[in-house]
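Colleague: missing the sequence, but the structure's below:
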């Protein structure tokens, strides 16, 4: 009975949280000097991510630089360029985890932009939308990633291209690594695992997935951030495979953290 009540209660709370923090972001932005507005945006993004994790009962064990200290991993490297973060993709919950722990713009599937409430929020925080079936869309997103990196903004990519169940990390798509090759950006690997198998988003409509996640009282997850991958002298294909191997090792570490 409690689980059935969680879905409407959390859906209502999600809508309220999204539009309340959206309004607070706009007010804070309007009151801030132009030079501080990006910091203001990231501040509210983190609050939104943490708020969503609390709302959906997600307890995250975070390991690795910055995140283990309760901080977000900075999106800008010492050189002033944005970093490219690559992580395995398992659930709709990956997004609030990213928002809470990584200072980055997310690359996401194109249809997300049309979703009620979520689409509005995603557009406002600068999400880069890619249509996986369109070569032109993919090229445009790579260019947008490069522009963001050159401006000093971090970019989060889920390079498997879609969500999967389990801990096996599937082959990575080339986009993030093409952007890294063009810009010389640091590539930061991240591994994520969930204790509850029901968190996985596979072969179902998004609303069904979120309903199931909403009806789960508590979800445990582990996030492990690795050291930057040295991509110097590597081809894009070599970067893809190297990053996949590193992320696989971090996913294994995340799984152990949940035991």
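Modeller: Alright, I've got the coordinates. Bear in mind the structure is a predicted one, so any value in this text is a computation, not a measurement.

Colleague: only C-alpha atoms for contact and neighbour calcs from this point on.
Modeller: OK.

Colleague: which residue packs closest to the residue nearest the centre of the chain, ignoring adjacent ones?
Modeller: Note on the chain: the residue nearest the mean C-alpha position is residue 98, at 3.6 Å, using Cα atoms, centre = their mean. Spatially, and ignoring its direct neighbours in sequence, residue 98 is nearest to residue 49 (7.4 Å; Cα to Cα, 6 or more residues apart in numbering).

Colleague: please list all residues in contact with that neighbour.
Modeller: Residue 49 sits next to 95-100 when contact means Cα atoms under 8 Å, 6 or more residues apart in numbering.

Colleague: can you rerun that using 7 Å?
Modeller: Residues in contact with residue 49 (Cα atoms under 7 Å, 6 or more residues apart in numbering) are 96-97, 99-100.

Colleague: quick check: it vs residue 94, distance?
Modeller: According to Cα to Cα, to the nearest Å, residue 49 stands 10 Å off from residue 94.

Colleague: I'd like the next helix or strand past the lengthiest helix in the chain.
Modeller: Of all the elements of type helix in the chain, the one with the most residues (DSSP state H) is helix 2-31. Past helix 2-31, further along toward the C-terminus, the next helix or strand under DSSP states H and E is helix 37-55.

Colleague: list the buried ones in that next one?
Modeller: Within helix 37-55, the residues that count as buried by 16 or more other Cα atoms under 10 Å are 37, 40-42, 44-46, 48-53, 55.

Colleague: which residues in the stretch 151-259 of the chain form helices?
Modeller: When secondary structure is read from DSSP state H, counting those that start in this stretch, the stretch 151-259 of the chain shows helices at 175-183, 206-214, 236-257.

Colleague: how far off centre is stretch 78-97?
Modeller: Taking the mean C-alpha point of stretch 78-97 and that of its whole chain, the gap between them comes to 4 Å (Cα atoms, centre = their mean, to the nearest Å).

Colleague: heads up, I number from 416, so please use that
Modeller: New numbering, starting at 416: the last item is stretch 493-512.

Colleague: who's in contact with it?
Modeller: Outside of stretch 493-512, the residues within contact range by Cα under 7 Å, 6+ apart are 464, 467-468, 490-492, 563-575, 577-580, 584, 600-607, 614-616, 662.

Colleague: just the buried ones from these?
Modeller: Neighbour counting with 16+ other Cα under 10 Å marks 464, 467-468, 490-492, 563-565, 567-575, 577-580, 584, 600-607, 614-616, 662 as buried within the contacts of stretch 493-512.

Colleague: so what's residue 489 up against?
Modeller: Counting by Cα under 7 Å, 6+ apart, residue 489 touches 517-518.

Colleague: now it: phi and psi?
Modeller: phi -60, psi 140 (degrees, to the nearest 10).

Colleague: quick one: pLDDT of it?
Modeller: Taken from the predicted model, the pLDDT recorded for residue 489 is 96.

Colleague: tabulate the buried residues of helix 452-470 (JSON lines), appending pLDDT and distance to residue 444.
Modeller: Formatted as JSON lines, the entries for those read as follows, by pLDDT from 0 to 100; distance: Cα to Cα, whole Å:
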{"residue": "452", "pLDDT": "87", "distance to residue 444": "6"}
{"residue": "455", "pLDDT": "91", "distance to residue 444": "6"}
{"residue": "456", "pLDDT": "87", "distance to residue 444": "7"}
{"residue": "457", "pLDDT": "88", "distance to residue 444": "11"}
{"residue": "459", "pLDDT": "90", "distance to residue 444": "10"}
{"residue": "460", "pLDDT": "89", "distance to residue 444": "12"}
{"residue": "461", "pLDDT": "92", "distance to residue 444": "15"}
{"residue": "463", "pLDDT": "92", "distance to residue 444": "15"}
{"residue": "464", "pLDDT": "93", "distance to residue 444": "18"}
{"residue": "465", "pLDDT": "95", "distance to residue 444": "20"}
{"residue": "466", "pLDDT": "96", "distance to residue 444": "19"}
{"residue": "467", "pLDDT": "94", "distance to residue 444": "21"}
{"residue": "468", "pLDDT": "96", "distance to residue 444": "24"}
{"residue": "470", "pLDDT": "96", "distance to residue 444": "25"}
